[in-house]
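K.L.:
Next input, structure requested:
(chains A, B and C)
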Amino acid sequence: MANFSATKRLLSLPASARAAFLAPTRAFSVLKRPFPNYEGHVPLNVFERGALAAGSAVMSLLNPRRGDLIAALGETTATPYFIYRLRDAMLSNPTGRRILRDRPRITSRTMSVEKLRALPDNSVGRAYVGWLDGEGVSPDTRDSVKYIDNEECAYVMQRYRESHDFYHAITGLPVFVEGEVALKAFEFANTLLPMTGLSLFAVTRMKPAERSRFWQTYLPWAISNGLKSKEVINVYWEEELERDVADLRAELGLERPPDLRETRKTLREQRKAAKEEKEKISGLTSGKPFVGS
Amino acid sequence: MTLRPTALRNLSLLLRHYPRRSYGSSTSVNPSEISHFDKLASSWWDPHGSSRLLHQMNPLRHDFISSCLDSQPDPPSTAKRRYLDVGCGGGIFAESAARLPSTESVVALDPSSEVITVAQEHARKDPLLLQPGRLEYRNYSVEDLSHPQSPKDKFDVLTLFEVIEHINKPGPFLHSCLPFVKPGGWLVLSTIARTWTSWFTTKFIAEEVVRLVPRGTHDWEKYVNEEELRRFFRGLEGWGSDGGVRCQGVVFVPGLGWRVVDGGEKLGNYFFGVRKDGGRS
Amino acid sequence: MAVGTPSRALRPYTCSSCARSLKLRSRKFATAASPDIYDVVCVGGGPTGLSLLTALRSSKATSHLRLALVESQDLDRARKWDLPPDQYSNRASSLTPSSQFFLSKIGAWPHVDTSRVQPYHHMRVWDGLSSTARIAFDSPAPEPAIAHMTENQNLTRALLARLESLEPITIFDKTSVANINLGSQPSSPASEDTSLDLSSYPHVTLSSDHTVATRLLVGADGINGPVRTFAGIRTRGWDYDRHGVVATLRLPSDFSHDPGNSRGVTAYQRFLPTGPIALLALPGSYASLVWTATSTQAAKLKSLSTEDFLAMVNAAFRLSVVDLDYMFALSSGQFDELQWRESVSSSTSKEASGDIPQAVEGVQNNSIASFPLRLRHASSYTTHRTALVGDAAHTIHPLAGQGLNMGLGDSRSLASAIEYAVIHGADIGNEMNCLDKYNSEMWMGNNRMLGAVDKLHWLYSVKNGPVIPLRGLGLRAVDALGEWGVKRWVMRQAGAL
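P.N.:
Here you go, the predicted model:
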């Protein structure tokens, strides 16, 4: 059933591509800008959008810490088709529809960190705040959407961006490159947003061991879970804070990936132990302590 | 014998070889021909049978008669018309003429008693045709019919459809028809011209190539050309003056049916009408 | 003596409910004296059957024919049909100019109450899955209109009035067909007997026990009528698993049929994946709805409150298919959903430009109805002494509004074939020189129309895949090529020019 809906989602791709094929190209010059459709909106024409997409793609690959560039890449590549598909996925779902009606925002004002810390350990809210604390980030670190023309779709993009930290929380994937890339792969399979797919180029920046772990463990997990689980964009996180994480994962049809931190820790310890062993042996032979590079 | 529609044949030619009989210059009719037509009798009214082309041609006969009547210098009489159909066969034309609201009566002749039986049997299917005096079949040839004594016993329209090409001596045969036509009435016939196209289609294609009909079915020599008919009536006193001669060629187009084609009398089938001089009083 | 088509045996028809009681009776009739003989007996007194009889009576050549009509309903109800000006029947049809010309020619149009007829000069057709793919039809001059929206009952009443102003025909109303048989074979051959032989004539026994024989039996009796059964004519086709939902709707009272365009009113049609929804203007501020929906959707529409039903209609012209599917799944609250979606993406500018219809405000009481949609086409319209017209011969998807127009076309063609036969002395029950003319004139054209409409249905029921941009391109291409006469050609195919 879950697989069926995922297949359907992929098959429906060209359908809504109508917007891509049929929307008349808006022509305006630099001197004649249309009015913004919402506060903070920056209307772009096709060429500007293309240039921005290409530029931000190159720059963010060179410097993955530039969140603003990744955001610009996400927005410029989400139209014309993909963000509409995601919006329609929300419109087809009662909760998704409710989110679009209410348009909740996840900020430090709406999400009281103190209250979240008071929740039980296994709750979604506790996991989220634990994740924020562990990574040292806050809900406010997200940029506002500005390059998506449709006002409702701009909100969908904003919601996706703000929900991203919750995805970390329920999957337990950490924020460093290896975890981030695995989560992006999951998001790509689940939301079909192109930027999430483009992020996979970051694989090239991984160490060989990480890369092989990604190909063998995390990518298969991300694709199968992303396709078979429900659309995570339709989770009303504000209402699920007290929910048991495992319970919510089960409802979404999501398996927890192997704990990356644990794995890396174990590996590190193994490496350390092996090194010590080696040192012992070399110390015995040379009688001189070895300082590793 | 039954003829099946075939793409190759010149369909107009098929009209020629079945239920019309050869009328001798005398009243005697060739007995072998009669038995030939007896066999064909049952197919007269089969809409998919060998008489299909005749059925399809029938509306054009009415159109031609109407065009003759409409061409008269004096306005056509509103009185109902009397028809004499010579060589009526199964009654394809006779029945249709009898059904017209403008018809008073139809007398239809054929020398084959089998054919007359078929015609009478078929007429039973239509209550209109059974109205007394509407349609009368007689097993006679025209030579045997006694000449009408008074003008009112004569006919407004005498028809000879697909007959004269079977006649050995058409002249005397036509002469025996003339006394039956009212002054101001019309003698209307249809036949086929003796041209190279009709020879090619009836003698060569139908008899030699396709073998649609037995050799010798058609007697091309007997076909009558339109000029010959014109010459014949020009030589007759009291016929065809004041534009009282009309002709119309027709061509069978496979898939479309019969079509009126001006000048068609030079190719094959055509209608010919001639008016007897005099008023219609 | 081969008459008719011996290969195709005529099956006697017996109404199943009467079959038992008639067993004895039919034996009695076999030996009874010869029955009433008519030239034409028409079974079915809808617009198609009535227009055929009226055409025959009003033509000089055929006015003398003996005609009879068999109709199961009480024709008095049709004669006395009268609705106040603020009520409209939910069964209305777009009469094309060719249909209207035929109705004028047979003298019926002057009897139509034209205050209840709405001509329209513009059409807007668009694809529910690609909102920019649309086509606009505008009739070139102020006249003629693309079509005239006319209530079927208005037309039926007019045809009856015209028919009854002519030489009377025999009417058997409130009468159904009990059975149809061929007459008995004559007992003796022609050589001994010259009595009437009615063995090839259909003998129709009526529920009143009366039997009439006829030279030509016309079936204007619908999709599964007794005449087609008697004639043994097969049909091919299929059910669409769709229902046509109809209703009479009310637009805002200050509504002047076409905002921003003084030349005339507009017919709107949007192709949704389940089928098209059409809103066709009636006089005043009324409009007729024809919505092709699945049977589940049709049942849902009929179960909704008035407010939610109207919201669904307005949503169907405005919202995305995603929204519409979601709203169909709700048991109530469609009105609220529509309000919210309209607040997110307003359609007021499209409404003002006339690209979509104005929002409907009300629905006439008890006017929401639905009927299953089918495609059927008889393999032939005629056999010896029988002919089928209208729905008895073909049933079409209503998306092009061609059903009634095709029926009127049949009547026109059959009446002219009969006229030709009478003028040329042919038997009007014969295929040759009469019925074959009708069949060959109408069958191929109707088959093309049925096929084209069927293909449109399947084309627009595709939800996914490259078909959608392609059909959008096609629609826009036709629209763009309007200047080159393509649109005129399309409209001519639909009988609109």
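K.L.:
Which secondary structure elements does the biggest helix by length in chain C sit against?
P.N.:
Looking across chain C with DSSP state H, the single longest helix is helix C:436-461. When contacts are defined as 3 or more CB pairs under 8 Å, 6 or more residues apart in numbering or on different chains; DSSP states H and E, helix C:436-461 packs onto strand C:275-281, strand C:369-378, strand C:382-383, helix C:403-423, helix C:467-480. (C-beta placed from N, C-alpha, C; glycine too.)
K.L.:
what are the ranges of the helices in the stretch 51-200 of chain A?
P.N.:
Taking DSSP state H, counting those that start in this stretch to define them, one finds helices in the stretch 51-200 of chain A at A:67-78, A:82-91, A:94-102, A:113-117, A:124-135, A:151-171, A:177-191, A:194-198.
K.L.:
do you know which of these lies nearest chain B?
P.N.:
Chain B lies closest, by CB to the nearest CB, to one member of the helices of the stretch 51-200 of chain A: helix A:82-91, at 54.8 Å.
K.L.:
quick revisit: same list, the helices of the stretch 51-200 of chain A, but as JSON lines with mean pLDDT please.
P.N.:
Output for those, formatted as JSON lines (pLDDT from 0 to 100):
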{"stretch": "helix A:67-78", "mean pLDDT": "80"}
{"stretch": "helix A:82-91", "mean pLDDT": "91"}
{"stretch": "helix A:94-102", "mean pLDDT": "94"}
{"stretch": "helix A:113-117", "mean pLDDT": "86"}
{"stretch": "helix A:124-135", "mean pLDDT": "84"}
{"stretch": "helix A:151-171", "mean pLDDT": "88"}
{"stretch": "helix A:177-191", "mean pLDDT": "86"}
{"stretch": "helix A:194-198", "mean pLDDT": "80"}
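K.L.:
can you put these in JSON lines and add distance to B:R81?
P.N.:
Conversion of the helices of the stretch 51-200 of chain A to JSON lines gives the following (distance: least, CB to CB, whole Å):
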{"stretch": "helix A:67-78", "distance to B:R81": "88"}
{"stretch": "helix A:82-91", "distance to B:R81": "79"}
{"stretch": "helix A:94-102", "distance to B:R81": "84"}
{"stretch": "helix A:113-117", "distance to B:R81": "109"}
{"stretch": "helix A:124-135", "distance to B:R81": "103"}
{"stretch": "helix A:151-171", "distance to B:R81": "84"}
{"stretch": "helix A:177-191", "distance to B:R81": "89"}
{"stretch": "helix A:194-198", "distance to B:R81": "89"}
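K.L.:
Nearest to chain C, out of those?
P.N.:
With CB to the nearest CB as the measure, helix A:82-91 is the member of these nearest chain C (4.5 Å).
K.L.:
separation between the residue in the stretch 1-150 of chain C that chain A sits nearest to and chain B?
P.N.:
Closest residue of the stretch 1-150 of chain C to chain A, CB to the nearest CB: C:S130 (3.8 Å). According to CB to the nearest CB, to the nearest Å, C:S130 and chain B sit 44 Å apart.
K.L.:
I'd say that residue and C:G472 touch.
P.N.:
Yes - C:S130 is within contact range of C:G472, at 4.0 Å (criterion: CB atoms under 8 Å).
K.L.:
need the contact list for C:L324.
P.N.:
Applying CB atoms under 8 Å, 6 or more residues apart in numbering or on different chains, we find C:L324 in contact with C:L272, C:M312, C:A315, C:A316.
K.L.:
Number of residues surrounding C:R236?
P.N.:
By the measure other CB atoms under 10 Å in any protein chain shown, the count of residues near C:R236 is 9.
K.L.:
Now do C:K60: how many residues are near it, please.
P.N.:
Neighbour tally, C:K60, other CB under 10 Å: 8.
K.L.:
what do you get for C:N152?
P.N.:
15.
K.L.:
wait, what's in contact with the nearest residue to it once chain neighbours are set aside?
P.N.:
The shortest distance from C:N152 to any non-neighbouring residue, by CB to CB, 6 or more residues apart in numbering or on different chains, is to C:R91 (4.7 Å). Contact partners of C:R91, counting by CB under 8 Å, 6+ apart, are C:E151, C:N152, C:Q153, C:V246.
K.L.:
The same query, at a cut-off of 7 Å, please.
P.N.:
C:E151, C:N152, C:V246 (CB atoms under 7 Å, 6 or more residues apart in numbering or on different chains).
K.L.:
what about the residue of the stretch 1-150 of chain B found nearest chain C, which helix or strand?
P.N.:
Residue of the stretch 1-150 of chain B nearest chain C, by CB to the nearest CB: B:S96 (3.0 Å). For B:S96, the host element (DSSP states H and E) is helix B:92-99.
K.L.:
immediately after that helix, which helix or strand?
P.N.:
Past helix B:92-99, the next helix or strand by DSSP H and E is strand B:103-109.
K.L.:
is that next one anywhere near chain C?
P.N.:
No - shown here: strand B:103-109 not in contact with chain C (CB under 7 Å from any CB of the partner chain), separated by at least 8.0 Å.
K.L.:
Pull the distance from the helix or strand containing B:F233 to the chain's centre.
P.N.:
Assignment of secondary structure by DSSP H and E places B:F233 within helix B:226-234. Centroid displacement of helix B:226-234 relative to its chain, using CA atoms, centre = their mean, to the nearest Å, is 17 Å.
K.L.:
go on, stretch A:193-212?
P.N.:
13 Å.
K.L.:
just stretch C:383-397 next, same as before
P.N.:
Computed by CA atoms, centre = their mean, the chain-centroid distance of stretch C:383-397 equals 12 Å.
K.L.:
Can you get me a residue count around A:K146?
P.N.:
18.
K.L.:
Tell me the secondary structure at C:Q87.
P.N.:
The three-state label given to C:Q87 by DSSP: H, G, I helix; E, B strand; the rest coil is coil.
K.L.:
give me every residue that touches the closest residue to it other than its chain neighbours.
P.N.:
Nearest non-adjacent residue to C:Q87, counting by CB to CB, 6+ apart: C:Q364, 6.2 Å away. Listed by CB under 7 Å, 6+ apart, the contact set of C:Q364 reads C:Q87, C:Y88, C:T248.
K.L.:
okay, which residue is most central for chain B?
P.N.:
Centroid-nearest residue in chain B: B:F161, 0.6 Å away (criterion: CA atoms, centre = their mean).
K.L.:
any idea how far it lies from B:K266?
P.N.:
Separation of B:F161 from B:K266 (CB to CB, to the nearest Å) stands at 20 Å.
K.L.:
now do A:S56
P.N.:
Relative to B:K266, and taking CB to CB, A:S56 is found at 87 Å.
K.L.:
what does C:R228 give?
P.N.:
Taking CB to CB, one finds C:R228 at 48 Å from B:K266.
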